[in-house]
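In: give me coordinates for this.
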Amino acid sequence: MTFRQTDGPAVAAAKASISPATAYRFEQDHQLRSSIDKVRTRRRPDPLADFFDAEVIPMLKAAPGLRAAAIFEEMQRRHPHLSSGARRTLERRIRSWRARHGADKEVIFRQVHAPGRMGLSDFTDMADLGVTIGAERLDHRLYHFRLVYSGFEHAHVILGGESYVALAEGLQNALWALGGAPREHRSDSLSAAFRNLTREAREDLTRRYDALCAHYGMDPTRNNRGVAHENGAIESSHGHLRKAIKDALLMRGANDFEDLTSYRRFIDEIVSRKNAHNTKRIEAERPTLQQLPGQRTHDYEETIVTITSSGGFTLRRVFYTVPSRLIGHRLRVRLYDDRLELFIGGTALMTLARGRASTTGKHAHIVDYRHVIHALRRKPMALLNLVYRDQLFPRDAYRRTFDRLLEKLPERSACRLMVDLLALAHDRGCEAELASILTDDLVANQLPDMVALRERFAPDPAALPEVVVHLAPLSSYEELLGDNVGEAA
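Out: Below is the predicted model:
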């Protein structure tokens with residue numbers, strides 16, 4: 001009204017930050033709308049008046065968890081005249097009734113977190129991001145660790161499912177990267193790790209998990225099964241980390257990585273950037289952490305296997321080949337998430353990539369053709385119906401070449417030529433280059449020329465050193481003995 005003394009209604013309204021419509025309405029009636037005691041009446045008939053109290057409320061009392069959408073579908077079935085536009089009216093009416101008469105809901109109590117007190121672990125599935133290694137899809141998860149107070153994070157690529165081995169490896173990597181251990185470690189109920197285990201195996205896993213936490217001086221706790229908000233300090237962080245990884249992949253312009261090491265380095269860089277935002281809080285929390293022990297504890301499972309006459313062993317429905325000289329020996333195997341370490345007694349033998357059986361129950365095969373090529377030379381026809389034939393070929397070009405050989409040649413000739421190709425790749429160390437030549441032959445629709453290939457990959461005589469051995473006369477040995485020769489005789 002102060003502006004109205006000098007300006008018109010529209011200008012005064014603009015200066016007073018109200019709409020012109022309100023200003024003109026106030027010109028006609030100087031009463032405030034809030035002071036007008038008017039009871040709002042319905043503008044149209046209530047579409048729920050005939051059945052809400054008589055039918056809907058009894059349904060809500062009998063089944064409190066019933067969804068409003070299901071109730072509406074039932075009401076439409078009972079009352080065909082009910083319009084689809086009444087759905088929102090029914091949902092609002094049900095929501096209002098539940099607010100006044102419904103059951104009590106769970107209350108989440110926010111906590112005050114002290115520095116150095118709690119760290120959390122969890123796994124998150126990453127399959128939907130479509131990451132590939134060498135153009136092959138990588139079915140994997142991320143182990144995710146986070147300090148509640150400072151927000152320090154660590155992530156580790158897990159190739160298998162949720163297991164004790166994955167938890168132990170990821171947790172220890174996180175603690176050693178952090179440089180200390182919190183006083184309490186919380187995980188989920190580990191139901192995925194316990195799945196399909198016997199009671200004795202579950203008890204053993206629990207003992208190992210408790211021993212792992214005791215090694216670092218942490219009290220192990222778990223949230224209740226199916227209650228995600230009890231692990232909320234890391235559950236919400238999952239979403240932020242996944243979005244950061246997805247954005248980084250989009251900016252990178254490709255989801256394919258050369259090898260697993262490159263992908264793990266990519267994840268480490270993203271997590272490091274996230275930790276950089278919390279540097280001050282992390283540095284403030286570090287002095288409150290417990291000191292790490294002198295060394296890591298076991299992050300593997302150990303078992304004993306016997307090498308069979310098939311030139312390998314089967315472990316968890318996966319067949320692995322080893323050099324045939326080990327047939328009949330019992331080996332000690334350390335089972336990690338991504339690899340197997342083989343020992344004979346206390347001596348380390350080799351490391352094999354870990355395989356996983358198919359979800360259908362079919363056995364998998366981890367085969368190195370170098371382990372069996374010497375035996376295939378003596379029995380080339382064994383290649384024809386070999387159980388793990390497709391896994392034997394080191395590259396796809398070799399497999400496609402064998403398919404072409406079977407089409408063009410008799411089975412015996414095809415098997416012998418394919419074994420010769422594998423032997424050449426092994427003896428001359430030319431697996432990649434030979435695969436490139438075989439690919440060119442497939443494109444040209446011609447068979448490999450074994451004579452030309454042997455000449456191409458034969459050692460260069462000019463590159464071989466000339467070794468001349470001069471034999472010493474036997475009398476020179478007598479001269480070394482001197483006068484003692486006669487005395488000895």
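
In: in contact with Ala23, which residues are there?
Out: Applying C-beta atoms under 8 Å, 6 or more residues apart in numbering, we find Ala23 in contact with Pro9, Ala10, Ala12, Ala13, Ala16. (Each C-beta comes from the backbone N, C-alpha and C, glycine too.)

In: is it true that the first one touches Gln28?
Out: Right, Pro9. No - Pro9 is beyond contact range of Gln28, at 10.5 Å (criterion: C-beta atoms under 8 Å).

In: these two - which one has more neighbours?
Out: Pro9 (16 against 6; other C-beta atoms under 10 Å).

In: ok, and the closest non-adjacent residue to the more buried one?
Out: What sits nearest to Pro9 in space, not counting adjacent residues and going by C-beta to C-beta, 6 or more residues apart in numbering, is Ala23, at 4.5 Å.

In: how would you label that neighbour: helix, strand or coil?
Out: helix (DSSP: H, G, I helix; E, B strand; the rest coil).

In: now it: how far from Ala14?
Out: 9 Å (C-beta to C-beta, to the nearest Å).

In: all strands of the stretch 251-400 of the chain, in order?
Out: Assigned by DSSP state E, counting those that start in this stretch, the strands in the stretch 251-400 of the chain fall at 256-257, 301-306, 312-315, 318-321, 330-335, 339-344, 347-353, 364-366.

In: partners of the fourth one in the sheet?
Out: What it means is strand 318-321. Partners of strand 318-321 in the sheet, by DSSP bridges, are strand 312-315 (antiparallel), strand 364-366 (parallel).

In: tell me if I'm right that Arg354 and Leu342 touch.
Out: No - at 11.8 Å, Arg354 does not count as touching Leu342 under the criterion of C-beta under 8 Å.

In: longest helix anywhere in the chain?
Out: helix 232-252 (DSSP state H).

In: next one: it to chain centre, how far?
Out: Distance of helix 232-252 from the chain centroid (C-alpha atoms, centre = their mean, to the nearest Å) equals 13 Å.

In: in that helix, what's buried?
Out: Gly232, Ala233, Ile234, Glu235, Ser237, His238, Leu241, Arg242, Ile245, Leu249 (16 or more other C-beta atoms under 10 Å).

In: model confidence for the second one, exactly?
Out: Read it as Ala233. If you check Ala233, the pLDDT there is 63.

In: equivalent analysis for the fifth one, please.
Out: Predicted confidence (pLDDT) at Ser237: the value is 83.

In: contact partners for it?
Out: Neighbouring residues of Ser237 by C-beta under 8 Å, 6+ apart: His144, Arg146, Gly151, Glu153.

In: hey, what's the second one bridged with?
Out: Using DSSP bridges, the beta-bridge partners of Arg146 come out as Leu120, Glu153.

In: out of the strands paired with strand 318-321, indicate the one that is most buried.
Out: The highest mean neighbour count among the strands paired with strand 318-321, using mean count of other C-beta atoms under 10 Å, belongs to strand 312-315: a mean of 20.

In: what pLDDT, on average, does it get?
Out: 93.

In: now it, how far from the centre of its chain.
Out: Distance of strand 312-315 from the chain centroid (C-alpha atoms, centre = their mean) equals 25 Å.

In: same check on stretch 120-138?
Out: 5 Å.

In: residues making contact with it?
Out: 139-146, 148, 158-159, 162, 166-167, 170-171, 174, 185-188, 192, 231, 233-235, 238, 241-242, 245-246, 249, 255-260, 263.

In: 7 Å instead?
Out: 139-146, 148, 158, 162, 167, 171, 185-188, 231, 233-235, 238, 242, 245-246, 249, 255-260, 263 (C-beta atoms under 7 Å, 6 or more residues apart in numbering).

In: what's the answer for stretch 440-447, then?
Out: For stretch 440-447, using C-beta under 7 Å, 6+ apart, the contacting residues are Arg400, Thr401, Arg404, Leu405, Lys408, Pro448.

In: which stretches of this structure have low pLDDT?
Out: 32-40, 189-198, 223-233, 460-464, 482-489 (pLDDT under 70).

In: try it again at 50.
Out: Residues of the chain meeting the criterion pLDDT under 50: 226-229, 489.

In: quick one: contacts for the residue nearest the centre of it?
Out: When C-alpha atoms, centre = their mean is applied to the chain, the residue found nearest the centroid is Arg141 (1.5 Å). Residues counted as contacts of Arg141 (C-beta under 7 Å, 6+ apart) are Phe123, Thr124, Asp125, Met126, Ile158.
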